[in-house]
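Asker: fold the following for me, if possible:
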Amino acid sequence: MSAVLPTLAHPAAKRSEALLHLPGVLWLAVARYLDRRAAIADLREFDEHALQDIGLARNQIEAAVNGRIPRRRRETI
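Answerer: Down below sits the predicted model:
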């Protein structure tokens, strides 16, 4: 009987640990979302020439901020 009790209690302990981490994970997700929205808003304020200088078209802003457009390798001098 004593060997069964720790086995039954162990999964519950893992679930409670996961619940303790949930607020932190949610906070990070919200913070990252807000950072991406701020970056998108900042890039939308750029004029066409400035966007072209950094290699973006206006319709690529959200994709670039979300990491769906790979960064070009910078030329080394």
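
Asker: where are the low-confidence patches of the protein?
Answerer: Along the chain, the model assigns pLDDT under 70 to residues 1-13, 72-77.

Asker: max-length helix in it?
Answerer: helix 4-44 (DSSP state H).

Asker: nearest residue to the middle of the protein?
Answerer: Arg32 (4.9 Å; C-alpha atoms, centre = their mean).

Asker: quick revisit: what sits up against whatever helix or strand comes next after the longest helix of the chain?
Answerer: Scanning forward in sequence from helix 4-44 by DSSP states H and E, the next helix or strand is helix 48-53. The contact list for helix 48-53 (C-beta atoms under 8 Å, 6 or more residues apart in numbering) reads Leu43, Ala57, Arg58, Ile61. C-betas here are computed from N, CA, C, even on glycine.

Asker: the third one and Arg15, how far apart?
Answerer: Between Arg58 and Arg15 the distance, using C-beta to C-beta, to the nearest Å, works out to 46 Å.

Asker: ok so, going back, report the buried members of the contacts of helix 48-53.
Answerer: Leu43, Ile61 (16 or more other C-beta atoms under 10 Å).

Asker: inside helices: which ones of the contacts of helix 48-53?
Answerer: Those of the contacts of helix 48-53 lying in helices (DSSP H): Leu43, Ile61.

Asker: cool, thanks, signing off.
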